[in-house]
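**Q** Predicted model and sequence follow; I will ask about them next.
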Amino acid sequence: MPLRLLRSPFALLLAAALGCGTSTTVVGDGGAPGDGMTDPDGGMMMDMGDAGGGDGGDPDPTCDDGVRNQDETDVDCGGVCGATCGIDAICDAADDCARGFCSDAMRCAPPPACDDGEQNQDETDVDCGGVCGATCRPDEMCVDGDDCTTAICEGGLCQPMPTCDDGMLNGTETDVDCGGTACLPCPSGGLCVDDEDCVSAFCDAGTCADPVCGNGVAEGPEGCDDGMDGMPTESATCDVDCSLAECGDGLVNVTAAEICDGDGAGVGGETETCDIDCTVAECGDGLINLAASEACDGDGAGVGGETATCNIDCTVSACGDGVPNAAAGEECDDGNTTGGDGCEADCRFLRIDQTIPVDSTFNTDDGTLNGIPVVGWNATTGEWLARNWTLAADATLSVTGSSPFQVVADLDVTVSGTVDASGQDGDGVGCNDDGGEGGLGGPGGSSGGQGGGRDVAGVPTLDGAPGEGPGAGGAGTGDNQGGGGA
């Protein structure tokens, strides 16, 4: 017998086997049990009663109901569910995809990259060129050199890197296998873009050429050219080789007042014989020349120019250095600072009380009194240094020698006797037209001049000039007589 179900808004649970004269109990989701009526045809007709307490409608769609609804582009993703669709899910736009990329096939996919194995974005070949930069290798497609590792794109394909011996004009070359940034400069006659493309460093209207020093035009490496008609000409600012005149460039430029010219290193380049200003190196010229082993350099007056801090040999002054320095207050310098050896520790001579009681002779050439060296004699200055110096009454001190003579005492100089420092008489020898010889000078004085002698008529000519300085020799006279000492 057929079974007829009434009011079945929800799923039914059938709990018994169907058969003739057999009843079936039907249980709803929530209402009271049915009445269990028998079908007039002999079967059982079940009244389901109320099916429960629900309103009987579909539930509201959500982004996790397992159904593609609302405006979702795939089940529970995209549309109102946002960028939640995974790889291969259906999409309408990138906003539907979790990784932000919707392919042309309307499927979510990984965004294109330079290592995804596909030619996408604006790549000129798979994973190279375009946004991937100069990464395309030779024989891969390109638009321009910016797509290629070799920077060379020809015929839509990247080309191999050119070499400077491939016999072709390629790369950055300005002529075959020369010029440009990679190859050696081109010889004269080669094509060029600028001076750096040429061996001669002179690119003349697109062709390498040899500059001509002396044509009056500075070309290529020339710093200047003051010549004319091919004749190089030196000037105060331009050397004869058409380089700018510079002290130290190795070229002596007389017009620029150079006397010498360093070592050719430029900007002075002092040497042992040439100062940094291109003047001859000289101790005392005021320019310290380290190449000439100068530690200092005098007062600029030349030939030493000793100062209180610099010795006459351009070494730094110090007591005990073996170089007496009067400007530094030194009277002596025996190379040490030990006293009692003739030169005291302060580089001054030892001073003692000196008394000359009887007639004596002092020689200024060797600093001896009666042949015995005296304490305190400074041969450099011609000074006899003492604490007290006394010449006794009735004693005569005869001073001989060519050096000056002066007594310097820290306390007193007492002269009760006589000091004879006169020059010598002339020898008076004359013969025919020769005048007599002048007398030798005394200490510090020079000899008198020779007389003029007589002329052919026997008339005496002019007298000789007298010597100079204290104790000078007298002049020789024109009548064959020697001059007396003064």
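**A** Right, received. Where do you want to start? Numbers count the residues shown, from 1 in each chain.

**Q** got a list of what Cys128 touches?
**A** Residues in contact with Cys128 (CB atoms under 8 Å, 6 or more residues apart in numbering) are Cys114, Thr135, Cys136, Arg137, Glu140, Asp147. The way it works is simple: take the backbone N, C-alpha and C, and place the C-beta from them, glycine included.

**Q** repeat that for 7 Å
**A** Thr135, Cys136, Glu140, Asp147 (CB atoms under 7 Å, 6 or more residues apart in numbering).

**Q** Identify the residues contacting the first one.
**A** Thr135 makes contact with Cys128, Gly129, Thr149, according to CB under 7 Å, 6+ apart.

**Q** I figured the last one was touching Arg137, is that so?
**A** Yes. The criterion here is CB atoms under 7 Å, and Thr149 meets it with Arg137 at 5.8 Å.

**Q** can you put the contacts of Thr135 in CSV and add pLDDT, distance to Ala326 and secondary structure?
**A** Listed next are those as CSV, based on pLDDT from 0 to 100; distance: CB to CB, whole Å; DSSP: H, G, I helix; E, B strand; the rest coil:
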residue, pLDDT, distance to Ala326, secondary structure
Cys128, 96, 86, strand
Gly129, 96, 86, coil
Thr149, 92, 79, coil
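
**Q** re the thing from before, in the contacts of Cys128, which residue is surrounded by the most others?
**A** Greatest neighbour count in those, by other CB atoms under 10 Å, goes to Cys136: 27 neighbours.

**Q** just to revisit the earlier point, what about Thr149 and Arg137, which has more around it?
**A** It is Thr149, of Thr149 and Arg137, that has more neighbours when counted by other CB under 10 Å, with 16 against 12.

**Q** and that one, what does it touch?
**A** Ala134, Thr135, Cys136, Arg137.

**Q** of all the residues you listed, which comes closest to Gly305?
**A** Ala134 (68.5 Å; CB to CB).

**Q** Point me to the helix or strand that includes the closest one.
**A** Under the criterion DSSP states H and E, no helix or strand holds Ala134.

**Q** ok, it - contacts?
**A** Contacts of Ala134 by CB under 7 Å, 6+ apart are Asp146, Asp147, Cys148, Thr149, Ala151.

**Q** Tell me which of those residues fall in helices.
**A** Among the contacts of Ala134, no member falls in helices (DSSP state H).

**Q** Can you tell me which of these is nearest Leu290?
**A** Nearest to Leu290 among the contacts of Ala134, with distances taken as CB to CB, is Ala151, at 51.1 Å.

**Q** ok, how many other residues are close to the closest one?
**A** 15.

**Q** Apart from its neighbours in sequence, what residue is nearest it?
**A** Spatially, and ignoring its direct neighbours in sequence, Ala151 is nearest to Gly145 (4.3 Å; CB to CB, 6 or more residues apart in numbering).

**Q** I'd like to know how far the most centrally placed residue in the chain sits from Asp261.
**A** For the chain, the residue nearest the mean C-alpha position is Val267 (14.0 Å; CA atoms, centre = their mean). According to CB to CB, to the nearest Å, Val267 and Asp261 sit 12 Å apart.

**Q** Also Gly220?
**A** According to CB to CB, Gly220 and Asp261 sit 24 Å apart.

**Q** Show me which of those two is the more surrounded one.
**A** Asp261 (22 against 17).

**Q** Pretty sure that one sits against Leu251.
**A** Yes. Using CB under 7 Å, Asp261 is in contact with Leu251, at 5.9 Å.

**Q** Output the below-cut-off pLDDT ranges for the stretch 51-200 of the chain.
**A** 51-57 (pLDDT under 70).

**Q** That one: strands as residue ranges?
**A** 153-154, 157-158 (DSSP state E, counting those that start in this stretch).

**Q** Mean neighbour count and distance to Gln354 for those - can I get that in CSV?
**A** Output for those, formatted as CSV (neighbours: other CB atoms under 10 Å; distance: least, CB to CB, whole Å):
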stretch, mean neighbour count, distance to Gln354
strand 153-154, 16, 105
strand 157-158, 22, 105
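
**Q** Reformat the ones you listed as TSV; add distance to Gly340.
**A** TSV is the format used below for those (distance: least, CB to CB, whole Å):
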stretch	distance to Gly340
strand 153-154	95
strand 157-158	94
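
**Q** sorry, back to before: select, from the contacts of Ala134, the two members most distant in space.
**A** Asp146 and Thr149 (10.8 Å).

**Q** What is the burial count for the residue nearest to Ala151?
**A** So Gly145, with other CB under 10 Å, has 14 neighbours.

**Q** check contacts around it.
**A** Contacts of Gly145 (CB under 7 Å, 6+ apart): Ala151, Ile152, Cys153.

**Q** hmm, back to that, could I get the contacts of Ala134 as CSV with distance to Asp225?
**A** As requested, the contacts of Ala134 are exported to CSV (distance: CB to CB, whole Å):
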residue, distance to Asp225
Asp146, 43
Asp147, 47
Cys148, 44
Thr149, 45
Ala151, 39
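
**Q** got a list of what the nearest residue in space to the residue nearest to the centre of the chain that is not next to it in sequence touches?
**A** Excluding the flanking residues, the one nearest Val267 by CB to CB, 6+ apart is Gly248, at 5.1 Å. Neighbouring residues of Gly248 by CB under 7 Å, 6+ apart: Asp261, Gly262, Ala265, Gly266, Val267, Gly268, Gly269.
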